[in-house]
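Chemist: return a 3D structure for these sequence lines:
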Amino acid sequence: MDQRAKYQSHWENSEVLVNVPFSAAGVGTTVVLTSKFTGRIMLMDVGDGAVRDLLDSTGTTSFVFDIDLIAITHGHFDHVGGLHTLLGFMRMLGRKEPLNILIPTHCVEAIRIIKGFRDCYPESLPFKIWYHETSQGSEFDTDFFKVKSFGVEHFGTECNTENEVLMPALGFRVQVGESIVAYSGDTRVCSGVEMAVTNADLAILEATHPVTPDTGARVHLSVEEATELGELARAYILIHRIPETDNS
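Modeler: Have a look, this model is predicted:
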């Protein structure tokens, strides 16, 4: 079996195709929503290798021109590390249409990538890049996707104090036609992720921990917790597993 298949997921109904070309904790995650009515695409997170994964999964470069919207859940490298490459690929292929990117309020990693890219090519960037800082309850609509943001609870090694300091992090609930697709981002169990996934047609949930930890700082969902959350939706898929190695 292709080893990459362990980290891929697929779901669809009559209105939307959901493809996760790759998702592994600490490596990279990209979620692709494609409207079956229009062919337009929304990306949720752009982890390292996103351009390669999009090329592998689509077999074409046309996604550069079909992407309508990008939404970033938080600033960790495995969720935003491929953004500079994607923007560069768009520039190289001559995209002209403006690009909107949703990010959590004060997500410094995403802001610096976007501003840095614009500053690199002030005279030769053929498309506008606009980022929108969003928070709990924020809504953003395009002609093809309607998005609502939910604050979720996540932090990482940058929380280097004894006190728990959460980083800016979001989950998303996206309407495509009449279909609702929810995405947890990285989170522990909290009210934000519960609201995002409840009654969705599909919930995409990170399930990093194989078993639920008894103690310690809770950063990610376990498989058990993600499954329980998934049962609040009509269907669910679990992603963002820890990569398997020879020493696993």
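Chemist: list the buried residues for the longest helix seen in the chain?
Modeler: Longest helix of the chain, by residue count under DSSP state H: helix 108-120. Neighbour-count burial for helix 108-120, counted by 16 or more other CB atoms under 10 Å, picks out 109-110, 113-114, 117. The way it works is simple: take the backbone N, C-alpha and C, and place the C-beta from them, glycine included.
Chemist: dump those residues to JSON lines, plus distance to residue 227.
Modeler: Output for these, formatted as JSON lines (distance: CB to CB, whole Å):
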{"residue": "109", "distance to residue 227": "30"}
{"residue": "110", "distance to residue 227": "30"}
{"residue": "113", "distance to residue 227": "33"}
{"residue": "114", "distance to residue 227": "35"}
{"residue": "117", "distance to residue 227": "38"}
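Chemist: so what's residue 136 up against?
Modeler: Shown in contact with residue 136 (CB atoms under 8 Å, 6 or more residues apart in numbering): 149-151, 192.
Chemist: need the three-state assignment for it.
Modeler: Under DSSP: H, G, I helix; E, B strand; the rest coil, residue 136 falls in the coil class.
Chemist: from residue 82, how far off is residue 219?
Modeler: Residue 219 sits 22 Å away from residue 82, going by CB to CB, to the nearest Å.
Chemist: if you could redo that for residue 207, that was the one I meant.
Modeler: Following CB to CB, the distance that separates residue 207 from residue 82 is 21 Å.
Chemist: residue 183 now?
Modeler: Counting by CB to CB, the gap from residue 183 to residue 82 is 17 Å.
Chemist: from the chain's centroid, how far away is the longest helix of the chain?
Modeler: Centroid separation for helix 108-120 versus its chain: 18 Å, with CA atoms, centre = their mean, to the nearest Å.
Chemist: so what does it touch, helix or strand wise?
Modeler: helix 77-80, helix 83-93, strand 99-104, strand 129-134 (3 or more CB pairs under 8 Å, 6 or more residues apart in numbering; DSSP states H and E).
Chemist: would JSON lines of those with mean neighbour count and distance to residue 202 be doable?
Modeler: JSON lines is the format used below for those (neighbours: other CB atoms under 10 Å; distance: least, CB to CB, whole Å):
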{"stretch": "helix 77-80", "mean neighbour count": "22", "distance to residue 202": "19"}
{"stretch": "helix 83-93", "mean neighbour count": "18", "distance to residue 202": "24"}
{"stretch": "strand 99-104", "mean neighbour count": "22", "distance to residue 202": "19"}
{"stretch": "strand 129-134", "mean neighbour count": "16", "distance to residue 202": "21"}
